[in-house]
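Asks: need the 3D shape of this:
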Amino acid sequence: MIRRLVPFLALLLAAAPAVAQAPVRIGLSAPLTGPDSAFGQGLRQGAEQAVADLNRVAGGRPRWVLVPADDGGDARQAVAVAKKFAADGVRLVVGPLESGAVAAAAPVYEEAGAVMVAPAASYGPLTGRGLWNLFRLGPSDAQQGRAAGAYLAKAFAGRRVGILSDRSTFGRGLADAVAARLKEAGMPEVMFDGFPRGNRDLADLVARLKAARLDAVYFGGLAPEAVTLLRAMREAGLGATLVASDGILDPAFAAVDGDGEGTVMTLVPDPPRLPEIRGARPVPRSPEAESVAANAYVAVELLAQATERTRAADPRTGRIADGHKVAESVRTGPSRTLLGSVAFDARGDRAAAPIALRIWRRTPDGRLDYAGNDAEP
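Replies: Numbers count the residues shown, from 1 in each chain. All right, here's what the predicted structure looks like:
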């Protein structure tokens, strides 16, 4: 695997001068402690391996240096990390992980002239603020919603579709994106409604869903409310197919028994494993770490490639005075990475971000699972 990667990494050196250069620092803002630390450690492992691979291709000299910082998954702490990076002259940043932390820290990085690549933040409006310096690798909630809308328009053409949300910013954003895609397809929803998180009495709402004779219901929200909705629908004798985002990925949904069978879910495809280094002992990673490590690796690749293409770093100090050229290079891509060809649109969202469709089905041992159950797009 590492042999296949070497030609891609070697491209980074093509524009570099032959003389030795001072190392370029890449900051990592991640939740290395706290409730999301398993994801944070995955980001660190992916970024560290990318830097090591880049340096190996450069002949072992420290061409790149990773500077990790713990933001705890907290917006205020992420701002403190951003200010520290800005003061220290770090102009290339991977992270943060959480959408709230990205939203809080992005203006600090913008003012400092730093470029940031968010590996997984999904909140739609993040890239709608006109920031020149922010890119995200994972699909936004809006992109997931549009993918679900396209699926509904095709799979339920000429049939009756309703849209619900938990009335949160997250859930309503998904619902609005689905509605917009259905309208574009000439198939507007029959019903658009919602209920607040924590509501356990859905009798009146489900009665209206049943009266509307729905064939499919899209739900924008999280697993606990999706479970409540499904059980209320089935108890009322409504067999409409539920469609949702990966917001329902939770043990609570897997435990919903037969009520959840047939549910269709949009989600990010399974990430590739990091390239293994011949002769090195494999690094054990938790499922959470594995889910984000590849994106952190690619974030480093993108920043390094753009820096080399623009020769933005001072060879004597390794410092980048301003990241505008680097950001423009990332934006104009595409770049060849572990994930294949990666390009971004004018907003900073990944162009044609891959989104999978999976169906929850009963396994032979009685569990409810979606792994390997692809739905027709």
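Asks: and for P315, nearest residue in space, chain neighbours not counted?
Replies: Sequence neighbours aside, Q21 is the residue nearest to P315 in space, at 4.3 Å (criterion: CB to CB, 6 or more residues apart in numbering). All C-beta spots, glycine's among them, are computed from the backbone N, C-alpha and C.
Asks: am I right that that neighbour sits in a strand?
Replies: No - membership of Q21 in a strand is not supported by DSSP: H, G, I helix; E, B strand; the rest coil, which gives coil.
Asks: what's the burial count for it?
Replies: Q21 has 19 neighbouring residues, counting by other CB atoms under 10 Å.
Asks: E111 too?
Replies: Under the neighbour criterion other CB under 10 Å, E111 is assigned a count of 12.
Asks: and for R316?
Replies: When counting by other CB under 10 Å, one arrives at 9 neighbours for R316.
Asks: repeat for A203
Replies: Number of residues near A203 (other CB under 10 Å) recorded here: 9.
Asks: what residues are up against the nearest residue to it once chain neighbours are set aside?
Replies: Using CB to CB, 6+ apart and skipping residues adjacent in sequence, the residue nearest A203 is A232, 6.9 Å away. Contact analysis of A232 by CB atoms under 8 Å, 6 or more residues apart in numbering lists L202, A203, L205, V206.
Asks: strands of the stretch 201-350 of the chain, start to end?
Replies: 216-220, 241-244, 264-267, 335-337, 340-342 (DSSP state E, counting those that start in this stretch).
Asks: buried deepest among these, which one?
Replies: strand 216-220 (a mean of 26; mean count of other CB atoms under 10 Å).
Asks: who does it touch, helix- and strand-wise?
Replies: helix 141-155, strand 161-165, helix 169-184, helix 223-235, strand 241-244 (3 or more CB pairs under 8 Å, 6 or more residues apart in numbering; DSSP states H and E).
Asks: for that strand, which strands pair with it and how are they oriented?
Replies: Neighbouring strands of strand 216-220 in its sheet, by DSSP bridges, are strand 161-165 (parallel), strand 241-244 (parallel).
Asks: quick one: mean pLDDT for that strand?
Replies: For strand 216-220, mean pLDDT is 98.
Asks: ok, stretch 125-145 next?
Replies: Mean predicted lDDT for stretch 125-145 stands at 92.
Asks: and the strands paired with strand 216-220 as a markdown table, adding distance to A371?
Replies: Listed next are the strands paired with strand 216-220 as a markdown table, based on distance: least, CB to CB, whole Å:
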| stretch | distance to A371 |
| --- | --- |
| strand 161-165 | 26 |
| strand 241-244 | 17 |
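Asks: counting neighbours, what do you get for the residue lying closest to D36 once chain neighbours are set aside?
Replies: Excluding the flanking residues, the one nearest D36 by CB to CB, 6+ apart is G73, at 4.4 Å. Around G73 there are 22 other residues, counting by other CB under 10 Å.
Asks: tell me the pLDDT at G73?
Replies: pLDDT at G73 comes out at 94.
Asks: make a ChimeraX selection of the buried ones in the contacts of A232.
Replies: A single ChimeraX command is used to select the members of the contacts of A232 judged buried by 16 or more other CB atoms under 10 Å:
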select :202,205,206
